[in-house]
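Undergrad: can you look at this prediction? I've put the sequence above it.
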Number of protein chains: 2
Amino acid sequence: MNNYKLTIQYDGGRYKGWQRLGNSDNTIQGKIENVLTELAGEKIEIIGSGRTDAGVHALLQIANFKMHKNATEEEVMDYLNRYLPHDISVVDVTLMHDRFHARYNAKDKTYLYKIWNMPYTHPFMRKYSMHVPEKLDIEKMRKASEYFLGKHDFTSYSNAKSKKKSMVREIYSLEIMDNEGFIEIEIRGNGFLYNMVRKMVGTLIEVGLGQKDAATIPTILESKERIQTGRMADAEGLYLKKVGF
Amino acid sequence: MNNYKLTIQYDGGRYKGWQRLGNSDNTIQGKIENVLTELAGEKIEIIGSGRTDAGVHALLQIANFKMHKNATEEEVMDYLNRYLPHDISVVDVTLMHDRFHARYNAKDKTYLYKIWNMPYTHPFMRKYSMHVPEKLDIEKMRKASEYFLGKHDFTSYSNAKSKKKSMVREIYSLEIMDNEGFIEIEIRGNGFLYNMVRKMVGTLIEVGLGQKDAATIPTILESKERIQTGRMADAEGLYLKKVGF
């Protein structure tokens, strides 16, 4: 069996997220698996480094899959890019050793969130950022972001369904940059729960608008009560940016 | 009468171009005039610095209009951005002296053309660039571009209909930049004929692909025969970038 690593970029706008849902193939995973199954002549399943929610984009998602067929890296890449829709691109294919596993081997992930913080919309980025017309106070947001750093139980900042698995995650860094009208929030951590980045960014936006006091964040984290957290930022501003191995 | 200058940005993707066409208002000019007519309580006509073709974008288009109503710059800007569709934004409104005319006073224009020159599509820029998957030879394109510099009769490089008006235009500069997979062509001139930038870029692409010899450009210019020119680049890669006054 050959084990291929895929580096994928996608505009998540019209998809129900990464993960294949039963027979529906309106997912990134589903679209890629359908093309690879054609190429391989056998049913192919791909393993993503993690799921992205409906509408969320990826600058760099990593996945792997195994097939019996011998095809070069270039052949796999060309075939995928020929048959995939134009909002999903495979930017690299690499043959890996047999034990490479995109999910188990992923050590950390970096997400990028783009907020367009001008009174008018951005005609070219309106589907690739969240529009917040009222001026955000970046300094307040930066101070608030420090409360998220380190290891915490993020139950209140997620919509994860399972109650059995650990909700503890570690945030290594959280940077907020001011970039020509955009506020870009880059978050690196060892893993993220369902909707976690969007709920964290939602809180940072509330703080930036003066609607919430940053000092409430530790209390909300400790409460482990979802009902305490407020706004969730839009999916269209969120990008999976990097997966560390 | 108050004379307002508008600075406008738009994604031209779903419009029939800048210029209002009879009763159809699926044009940028039409959309803006409809909103301004509501604001002014009188029929408003706006003057653009020039027309952009169907599907062509603007990073910075300049226009002006006159109305009797006294409204501050901010009021006009807020009203427009509240009622315009999200793919058209007004980024500045300035009250001008009575004689300011966006078309007559425009001295030069800069257009930007974006080519995505990688084998796979760019998920986020697929509607905002032309995809040329085969590798382009930039050095050849740069040499070819020199033939366009200066004053020429551009009849062969346009689809302009009028035969009475002068087809002579002067190109001040033409730069070709290599920018992380994009080839960006920036052209500044005193004016451009209908489809002129797209026909020039089409020729540069043919040269870059080795399909055409650059040395034929002077002959084609001199022939003043449209039939001699080849490929026309797609509308979606073209942006009006700047208007000089």
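TA: Now that the structure is in, tell me what you want to look at. Predicted, not measured: the structure shown is a model, and the values here were computed from it.

Undergrad: so, low pLDDT: which residues of chain A?
TA: A:23-24, A:162-163 (pLDDT under 70).

Undergrad: can I see the domain layout of chain A?
TA: A:2-96, A:108-244 (automatic domain parsing).

Undergrad: now render those domains as a markdown table, adding mean neighbour count and distance to chain B.
TA: Quick note: C-beta positions are derived from backbone N, CA and C, even for glycine. Formatted as a markdown table, those follow (neighbours: other CB atoms under 10 Å in any protein chain shown; distance: least, CB to the nearest CB, whole Å):
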| stretch | mean neighbour count | distance to chain B |
| --- | --- | --- |
| domain A:2-96 | 18 | 4 |
| domain A:108-244 | 18 | 4 |
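
Undergrad: just give the nearest non-adjacent residue to the residue of chain A most remote from its centre, would you?
TA: Taking CA atoms, centre = their mean, the residue of chain A most remote from its mean C-alpha position is A:Asn70, at 31.5 Å. Leaving aside its sequence neighbours, A:Asn70 sits nearest to A:Asn2 (CB to CB, 6 or more residues apart in numbering or on different chains; 6.6 Å).

Undergrad: again with A:Arg231
TA: Here the residue nearest A:Arg231, using CB to CB, 6+ apart, is A:Gly202, at 3.7 Å.

Undergrad: checking the one you found next. Helix, strand or coil?
TA: Following DSSP: H, G, I helix; E, B strand; the rest coil, we place A:Gly202 in the helix state.

Undergrad: repeat that for the one 4 residues further on.
TA: Of the three states, A:Glu206 takes helix according to three-state DSSP.

Undergrad: please list all residues in contact with it.
TA: A:Lys212, A:Gly230, A:Arg231 (CB atoms under 8 Å, 6 or more residues apart in numbering or on different chains).

Undergrad: how about a cut-off of 10 Å?
TA: A:Met141, A:Ala144, A:Lys212, A:Asp213, A:Ala214, A:Thr216, A:Thr229, A:Gly230, A:Arg231, A:Ala233 (CB atoms under 10 Å, 6 or more residues apart in numbering or on different chains).

Undergrad: now do the SS call for A:Leu39.
TA: helix.

Undergrad: isn't it up against A:His68?
TA: No: with contact defined as CB atoms under 10 Å, A:Leu39 does not reach A:His68; the gap is 11.5 Å.

Undergrad: export stretch A:176-193 as CSV, just CAs?
TA: Extracted C-alpha coordinates of stretch A:176-193, given in CSV (Å, rounded to 0.1, in the frame of the first residue of the first chain):
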residue,chain,number,x,y,z
ILE,A,176,-3.7,40.1,17.0
MET,A,177,-2.4,42.1,14.0
ASP,A,178,-3.7,45.2,12.4
ASN,A,179,-3.3,44.9,8.6
GLU,A,180,-4.7,47.6,6.4
GLY,A,181,-8.2,47.6,7.7
PHE,A,182,-8.2,43.9,8.6
ILE,A,183,-7.7,42.6,12.1
GLU,A,184,-6.1,39.3,11.9
ILE,A,185,-6.1,36.9,14.8
GLU,A,186,-3.7,34.0,14.7
ILE,A,187,-4.1,31.2,17.2
ARG,A,188,-1.8,28.2,17.7
GLY,A,189,-2.7,25.4,20.0
ASN,A,190,-2.3,21.6,20.4
GLY,A,191,-5.9,21.1,19.3
PHE,A,192,-9.3,22.9,19.1
LEU,A,193,-12.8,21.8,20.0
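
Undergrad: now render the domains of chain A as a markdown table, adding distance to B:Ile187.
TA: Compiled in a markdown table, the domains of chain A are given as follows (distance: least, CB to CB, whole Å):
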| stretch | distance to B:Ile187 |
| --- | --- |
| domain A:2-96 | 27 |
| domain A:108-244 | 20 |
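
Undergrad: can you show me the helices along chain A?
TA: Counting by DSSP state H, one finds helices in chain A at the ranges A:28-40, A:73-83, A:138-145, A:196-208, A:216-223.

Undergrad: the ones you listed into a markdown table, with extra columns for distance to B:Asp153?
TA: Output for the helices of chain A, formatted as a markdown table (distance: least, CB to CB, whole Å):
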| stretch | distance to B:Asp153 |
| --- | --- |
| helix A:28-40 | 50 |
| helix A:73-83 | 42 |
| helix A:138-145 | 53 |
| helix A:196-208 | 56 |
| helix A:216-223 | 67 |
